[in-house]
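1. Got a predicted model here, sequence first, then my questions.
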Amino acid sequence: MKWLIRLVIPLSIVIDAAICMSRRYVYNFIIPVNSVNPSNSLLKRDIFAESADINEESTTSTNFDNDSGTNSSVQIVTRPPSETYNEETYTFKAEVNKVMDIIVNSLYTDKDVFLRELVSNAADALDKRRMNASSNAKPETFGSIRIKPDKVLNTLTIEDDGIGMTKNELINNIGTIAESGTAKFLKQIESGDFDSNLIGQFGVGFYSAFLVAERVDVYSKSYNDPNGIIHKWSSNSNGTFTVAEQKGGDVEKVLELGGTRIILHIRPECDEYLEDYKLKELLRKYSEFVKFPIQLWVEKIDYDRVPDENNTIEGKPMRYKTVTKKRNEWETINTQLPIWRRSESELKPEDYIAFYKSTFKAYDDPMSYIHFKVEGQVAFSSIIYVPGALPWELSRNMFDDQSRAIRLYVKRVFINDKFAESIPRWLTFVRGVVDSDDLPLNVGREHLQKSRMLTIINKRLASKAIEMLRNLRANSTNEKWHRFNDHFGKYLKIGVVEDQENQQSLASLVQFWSNKSGNTRTGLDEYIDRMKDGQKCIYFLTAEDRTTAENSPCLEKMKKMDYEVLFALEPIDEFSLSALGVNKYKDLSLVDVGKSDLKIDASTDQSNGSADDKSGTSSGFETLCAWMKDLLVEKVHDVRVSSRLTVSPAVLVQSEYGLSPSMQKYMRQQATAQGVQEEDVISNALMTKPVLEINTEHKIIRHLDELVKVDRLGDKPREIALQLFDVVSILGGYTIKEPSVFAKRVLNLMLSFVENNTSTGGTCSSDSPASKGGADA
């Protein structure tokens, strides 16, 4: 692209600049003629009236000449010269060199917050002006906040039409750390009825500008002194600042009625903050709901189709090319209203859905939501949502640090979306906003202080979330409620374990599979409604899957008594049911039928002992139990006669304080993931060694008992006992440590069976016990 650039500088300006070089700014812009479009400005008082659009043509179609064929004539637009008078140098108070170093290097962990702080200060200034003028006036009456990046001058300008500052206010408010003026202002109106929606109560927000700027210039004129003059405050954070009177230039016109202009001279390494897309991203993140209009000077590109005379062949149809034209205009960023501050009666479901999708970048409709306001010791407004599906980041890690569940606002300004102190972990899956005028922030506005206020918000969020979920269950179809549990049920179970205050409420919402639930899960209340007369406990069983649970020998007696048993198929199921077992649910104990101390008697409370004479080591089988315990001493904690078996020969159960096989696998996986030894996680033998219970009515057990009494040192009873142990281990969900030995024994048994049938001339018919795989085999 070819430009004909002709630089002409009036001699008078050159001479004037040489004389007043240290106190004058002369800005020259090279712009195309006829490119200025006054209609682009959205402001009555355009702070950048001298800026112009730059049209640039470029060919995008193929086989075209890259030269647009036209050179735009250019002219120089020079800002009217401005003068600074009576410049005075001051030293920062409060050991500013040390404090400034803390601000720039330690106080803020993210440079992006500088824009949030400066926009918040501008909103403060506009709010003060509004309250000075009329308590009933609307925010838009008092102008806007305007932001313009300038890549040529390497500056970022932020301007407002707010209250402005006098010379003394510039010195006292900006020259002193942690004295922004807003706190003083609030004290002056404590007894009034003004809207105290002010943000600048944190003291050092202005100084975050030095995170990205090597020098900061502030031009300000007080709204309360319309006949006053403009003062310029300037500093490069070297421990001093200057204050001077300012006359002439466009700033005098812009600040005619009062206001403030801040010019940041951006550091070379921070030039990304001169890109309008970056500024737009930050403004929408932090200041989207500021009540005053925020306007950003953005670059737009228009695409036009124009005749391409250079590439058109005579006698052929005219060929066209695409040219781009760049222009700049003001774009209002904060067009979305903070609906949480509006009354529910003013809003429709579509408003809540649109807000959810826009704020949380979601594509699906929320499953449920609740809008509420809390008054009292801590006042805040909030809307929380249940997503329509599990957010993708939670599919990898249910407590992912990037989940950003709740967005915290203080007086409409976004503060943080990662404040774990304020919400319980089980609420990680919800999405929502919390906006409060009362929350305390530390110096720097980035982290919440631990306080009683946060405790109150924590409790209210949890109780309102439970209310929302109860409404969802009551007002939705079974399919929708089960879909919720598919996606988010595990979070409620986490709440049952961790949130003792809301444990009973959350327990009423969780669901589990059971041996009677069919193709749907069941809740604890539904389970209680189906309990048999005289049943005084809620029973559950841990297993890896439903098939394993339904075929578990532990259920044999329960099925015979027609008792329902809940299935804990995941570690969190076992955690939650065990936690409920400590405190009971609606005065009912929760009993694990996979424990060795199970007492089954519908007429007697299960914790008061057993009425079954078979439990323990019944008369006649003491020898067998002792022999098997000696044989399996490295594998089991004890061998006992079972009262729960009706079909199977034996079963493995956990001791009273033992871990289920599912929990053992989970803990081993956690140990591996964390790089620690399994022994460091599971060190107690009582936690890992199961108890072997035998069914003395079963033929295998009776035959084994006879063999032991005849030849307790023989190989045959030993092989049968070891094989029996491995079989019941598999049925119980345990891992066989020596599968090759187990397989070899199976093959030997098969070979023995074949040889016996061959020697007797028999065949393996379909009616034989072996082919049936029955319990008497």
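-> Structure's in. What do you need?
2. For residue 260, give me phi and psi.
-> Main-chain dihedrals, residue 260, degrees, to the nearest 10: phi -140, psi 140.
3. Start the count at 8 instead of 1 going forward.
-> With 8 as the first residue, the last one maps to residue 267.
4. who touches it in this structure?
-> Residues near residue 267 by C-beta atoms under 8 Å, 6 or more residues apart in numbering: 129, 132, 166-167, 169, 171-172, 225-228. Bear in mind the C-beta positions are built from the backbone N, C-alpha and C, glycine included.
5. Could you pick out which of the residues you listed are located in strands?
-> Using DSSP state E, 166-167, 225-228 are the members of the contacts of residue 267 that sit in strands.
6. In terms of pLDDT, where does residue 325 sit?
-> At residue 325, the model reports a pLDDT of 82.
7. In contact with it, which residues?
-> By C-beta under 8 Å, 6+ apart, residue 325 lies in contact with 314-315, 319.
8. Equivalent analysis for residue 130, please.
-> 152, 167, 206, 294, 297-299, 420.
9. For residue 639, give its distance to residue 729.
-> Separation of residue 639 from residue 729 (C-beta to C-beta, to the nearest Å) stands at 8 Å.
10. Next, show the common contact partners of these two.
-> By C-beta under 8 Å, 6+ apart, no residue touches both residue 639 and residue 729.
11. what packs against the helix or strand where residue 747 lies?
-> Per DSSP states H and E, residue 747 falls inside helix 746-766. For helix 746-766, the packing partners by 3 or more C-beta pairs under 8 Å, 6 or more residues apart in numbering; DSSP states H and E come out as helix 722-738.
12. State the mean pLDDT of the helix it packs on.
-> 91.
13. buried set for it?
-> 724-725, 727-736, 738 (16 or more other C-beta atoms under 10 Å).
14. Can I get those residues in CSV including distance to residue 647?
-> What follows is those, written out as CSV (distance: C-beta to C-beta, whole Å):
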residue, distance to residue 647
724, 19
725, 20
727, 19
728, 15
729, 18
730, 20
731, 15
732, 14
733, 19
734, 18
735, 13
736, 16
738, 17
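15. which helices and strands does the lengthiest helix in the chain pack with?
-> The helix that spans the most residues within the chain, counting by DSSP state H, is helix 459-482. Counting by 3+ C-beta pairs under 8 Å, 6+ apart, the packing neighbours recorded for helix 459-482 are strand 375-381, strand 387-393, strand 438-443, helix 485-505.
16. from the chain's centre, how far out does that helix sit?
-> 17 Å (C-alpha atoms, centre = their mean, to the nearest Å).
17. Most neighbours among the contacts of residue 325, which one?
-> When neighbours are taken as other C-beta atoms under 10 Å, the top entry among those is residue 315 (20 neighbours).
18. Just give the closest residue to that residue, not the sequence neighbours.
-> residue 328 (4.1 Å; C-beta to C-beta, 6 or more residues apart in numbering).
19. How about residue 442?
-> residue 416 (4.0 Å).
20. Distance of residue 335 relative to residue 122?
-> Where residue 122 is concerned, residue 335 sits at a distance of 19 Å (C-beta to C-beta).
21. Comparing the two, which residue is more hemmed in?
-> Remark: of residue 335 and residue 122, residue 122 carries more neighbours, 25 against 20, as counted by other C-beta under 10 Å.
22. could I get the helix or strand where residue 222 lies in CSV with only the CA atoms?
-> Element membership for residue 222 (DSSP H and E) is strand 220-228. C-alpha atoms of strand 220-228 as CSV (Å, rounded to 0.1, in the frame of the first residue of the first chain):
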residue,chain,number,x,y,z
ALA,A,220,2.2,2.6,33.1
GLU,A,221,5.6,4.1,33.5
ARG,A,222,4.0,7.6,34.0
VAL,A,223,0.5,8.7,34.9
ASP,A,224,-1.0,12.1,34.2
VAL,A,225,-4.2,13.2,35.8
TYR,A,226,-6.1,16.2,34.6
SER,A,227,-9.0,17.2,36.8
LYS,A,228,-11.5,20.1,37.5
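23. After that strand, which helix or strand is next?
-> Using DSSP H and E, the helix or strand that follows strand 220-228 towards the C-terminus is strand 237-242.
24. Nice, that's everything, thank you.
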